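1. Predicted coordinates and the sequence they were generated for:
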Amino acid sequence: MAIIIECNYAKKLGLPGYSSHQYSVTVRTEISDIGNLAKANEELYRALQDAVDTQIENTGFIPGLPSINGKHTNGNGSSNGSSNGAWNCSDKQRDLILKLIEEHNLPTANIESLCQERFGKELKHLNKLDASGLIDELFEKVGEKPLREQRPRNGTSRPFSKGGVR
């Protein structure tokens, strides 16, 4: 008796301009022996994950992003390899990254190197998800907790760690 396995892998990314990008792949296959289920499942999952991750890198047109030479950017801040010099993350993320670099005298060259190692792109080209990961890493490096971890959960206010700001 043949056993049918159906596997689906999907990923959704938030993008600038309140946009998002989603990609999904579904595969249906047969196995003849239930003893092969674990191995078949593992192989399918890995193959589907690789396929989705490869395809989701190209976000296509994003509403509200500027165009370069009359062509829309691809969501990574570039079109045909050109760059407009603007940051791809949110303004708040950019400001926080720059504030951490300045306040803690972090060498910009080291930050750029870290971005290349972790994300394969320059600091200005980090998307919101990448920038969030960088911010968490910078907070860890400087020994501070991100602001979202400093806020109380019960709605009361308390001073933050620096400057007594409420």
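-> Cool, the structure landed.
2. Could you list the paired strands of the helix or strand hosting Lys12 along with their orientation?
-> Element membership for Lys12, per DSSP states H and E: strand 3-15. According to DSSP bridges, strand 3-15 has the following sheet partners: strand 19-31 (antiparallel).
3. For the partner strand, what is the distance to the chain centroid?
-> Here the centre of mass of C-alpha atoms in strand 19-31, compared against the chain's by C-alpha atoms, centre = their mean, to the nearest Å, lies 20 Å away.
4. Would you mind writing the CA trace of that strand as PDB?
-> Listed in PDB are the C-alpha atoms of strand 19-31, where the atom choice follows Å, rounded to 0.1, in the frame of the first residue of the first chain:
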ATOM      1  CA  SER A  19       3.800  45.700   2.500                       C
ATOM      2  CA  SER A  20       4.700  42.000   2.800                       C
ATOM      3  CA  HIS A  21       6.000  39.300   0.600                       C
ATOM      4  CA  GLN A  22       5.000  35.600   0.900                       C
ATOM      5  CA  TYR A  23       6.100  32.500  -0.900                       C
ATOM      6  CA  SER A  24       4.900  28.900  -0.400                       C
ATOM      7  CA  VAL A  25       5.800  25.500  -1.900                       C
ATOM      8  CA  THR A  26       3.700  22.300  -1.600                       C
ATOM      9  CA  VAL A  27       4.900  18.900  -2.600                       C
ATOM     10  CA  ARG A  28       2.900  15.600  -2.700                       C
ATOM     11  CA  THR A  29       4.800  12.400  -2.900                       C
ATOM     12  CA  GLU A  30       4.400   8.600  -2.300                       C
ATOM     13  CA  ILE A  31       6.400   6.300  -0.100                       C
END
